[in-house]
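A.B. asks: all I have is the shape, not the residue letters:
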């Protein structure tokens, strides 16, 4: 008997959701061979999560793009190989990292292409886990900075700036900024960071 489409879709949803709390199927050689305590990227005290005041603003020294990219380096995640939420998040960060590198080299159109790919990965993530978190427990003692909404906001701001730089349609620039505002608001509802307020200032200056 063929499985119904509803059952198939439900199974995929459960797999994606649960996958974020388990070791991803995409790992580096080092992660596969390293003892667990050596493979953890965060400090040991993160095993006991700290609590923060409701309006605490995480400084750039604690939560920033460089740290997020560093936590997600390793074997490249391709969309066709992504099977868990963790894979999609990691893939989104990796595409963003490539976009940032190209942006520094002033390869505007190539960079924009990677920012768009990054957002396609991250849109899948927020379908299952819609809130940003300063530190999300993935498995065991492994915590990562989990900011899909903020990453998409930053991507959209850079896409809008690229549209402007290349003298592309003002309509594209307008909608790029509008999407940036939406993702930024969603991130700030969950967690306040200096990084988010920095993006907000840049958006207002635009």
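C.D. replies: Perfect, thanks for sending it. Remember, it's a predicted structure, so these values are computed and weren't measured experimentally.

A.B. asks: helices along this structure, start to end?
C.D. replies: With helices called from DSSP state H, the chain shows them at 5-19, 29-33, 36-39, 65-71, 85-104, 108-128, 148-165, 170-190, 194-205.

A.B. asks: now the closest residue to residue 156 other than its chain neighbours: how far from residue 130?
C.D. replies: If the residues on either side of it in the chain are set aside, residue 156 comes closest to residue 180, at 3.7 Å by Cβ to Cβ, 6 or more residues apart in numbering. For glycine as for every other residue, the C-beta is placed from the backbone atoms N, C-alpha and C. When Cβ to Cβ, to the nearest Å is the yardstick, residue 180 and residue 130 sit 17 Å from each other.

A.B. asks: of those two, give the one with the bigger neighbour count.
C.D. replies: Set side by side, residue 180 and residue 130 show more neighbours around residue 180, with 24 against 12, by other Cβ atoms under 10 Å.

A.B. asks: what stretches of this structure score poorly on pLDDT?
C.D. replies: Within the chain, the segments meeting pLDDT under 70 span 1-49.

A.B. asks: closest to the centroid, which residue in it?
C.D. replies: Centre of the chain computed as the mean C-alpha position; nearest residue by Cα atoms, centre = their mean is residue 148, 3.7 Å away.

A.B. asks: correct me, but it touches residue 126?
C.D. replies: Yes - contact between residue 148 and residue 126 holds when scored by Cβ atoms under 8 Å: they sit 5.2 Å apart.

A.B. asks: backbone dihedrals for residue 59, please?
C.D. replies: Summarising the backbone geometry of residue 59 under the convention degrees, to the nearest 10, its torsions are phi -70, psi 160.

A.B. asks: that one reaches residue 192, doesn't it?
C.D. replies: No - using Cβ under 8 Å, residue 59 and residue 192 do not qualify as a contacting pair, with a distance of 10.7 Å.

A.B. asks: what about residue 147, distance to residue 175?
C.D. replies: Distance, residue 147 to residue 175, using Cβ to Cβ: 22 Å.

A.B. asks: take the helices of the chain and write them to TSV, including distance to residue 138.
C.D. replies: Formatted as TSV, the entries for the helices of the chain read as follows, by distance: least, Cβ to Cβ, whole Å:
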stretch	distance to residue 138
helix 5-19	10
helix 29-33	12
helix 36-39	11
helix 65-71	10
helix 85-104	6
helix 108-128	13
helix 148-165	14
helix 170-190	18
helix 194-205	21
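
A.B. asks: and of the ones you listed, who's closest to residue 142?
C.D. replies: For those, distance to residue 142 was read as Cβ to Cβ. The smallest value, 7.7 Å, belongs to helix 36-39.

A.B. asks: for residue 103, give me its contacts.
C.D. replies: Under the criterion of Cβ atoms under 8 Å, 6 or more residues apart in numbering, the neighbours of residue 103 are 111, 158.

A.B. asks: likewise residue 162?
C.D. replies: 108-109, 111-112, 168.

A.B. asks: and with 10 Å instead?
C.D. replies: With contact set as Cβ atoms under 10 Å, 6 or more residues apart in numbering, residue 162 has these partners: 99, 103, 108-109, 111-113, 115, 168, 172-173, 176.
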